[in-house]
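Visitor: turn this into a model:
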Amino acid sequence: MGVVDESLAGLQSVRPAAEPTYPGWEYPTVSASLCALLLVLALKPGTWANRAFGWPPLRVLGVLSFSLYLVHPFVLESLTSLGAPKAGVALFLPTLLLSLAIGVILERGVERPFMALGRRINARF
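Guide: The predicted structure is shown next:
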């Protein structure tokens, strides 16, 4: 068996790379550039992005975003352990609704009071 034959035999064992979890994010430069462009558009008054981010439902979602970030993995895991499908609309909608409900409770019952406490403590110093 010659060198070329050995090289060709080695190529047969090469497997293609696994599909990326989030298609498009395997190009970090493109992703970062698009995020920076959206940020610039959102901060410039009068642009479509600035008006879109000023839309009241998106502003509420922005207020709830940290709570949603914290709670959604637990909701997702709980639903799948209770027998919900592993993907699809049948998992997405209940996860979204439960996460929003729990996020509102956490934002109103934990975040706001502790932020107010922090402001009061900060005002004393």
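Visitor: was I right about residue 70 contacting residue 102?
Guide: No - taking contact to mean Cβ atoms under 8 Å, the distance of 9.3 Å between residue 70 and residue 102 leaves them out of contact. C-beta here means a position set from N, CA and C on the backbone, and glycine is covered the same way.
Visitor: between the two, who's got more neighbours?
Guide: Counting neighbours by other Cβ atoms under 10 Å for residue 70 and for residue 102 shows that residue 102 has the greater number, 18 against 15.
Visitor: so the more buried one makes contact with residue 64?
Guide: No - taking contact to mean Cβ under 8 Å, the distance of 9.9 Å between residue 102 and residue 64 leaves them out of contact.
Visitor: give me phi/psi at residue 86?
Guide: phi -80, psi -10 (degrees, to the nearest 10).
Visitor: list the contacts of it.
Guide: Taking Cβ atoms under 8 Å, 6 or more residues apart in numbering, we find residue 86 in contact with residue 80.
Visitor: any idea how far it lies from residue 112?
Guide: When Cβ to Cβ, to the nearest Å is applied, the distance between residue 86 and residue 112 equals 35 Å.
Visitor: give me the neighbour count for residue 62.
Guide: Neighbours of residue 62 (other Cβ under 10 Å): 10.
Visitor: now it: closest residue in space that isn't a chain neighbour?
Guide: Leaving aside its sequence neighbours, residue 62 sits nearest to residue 53 (Cβ to Cβ, 6 or more residues apart in numbering; 7.8 Å).
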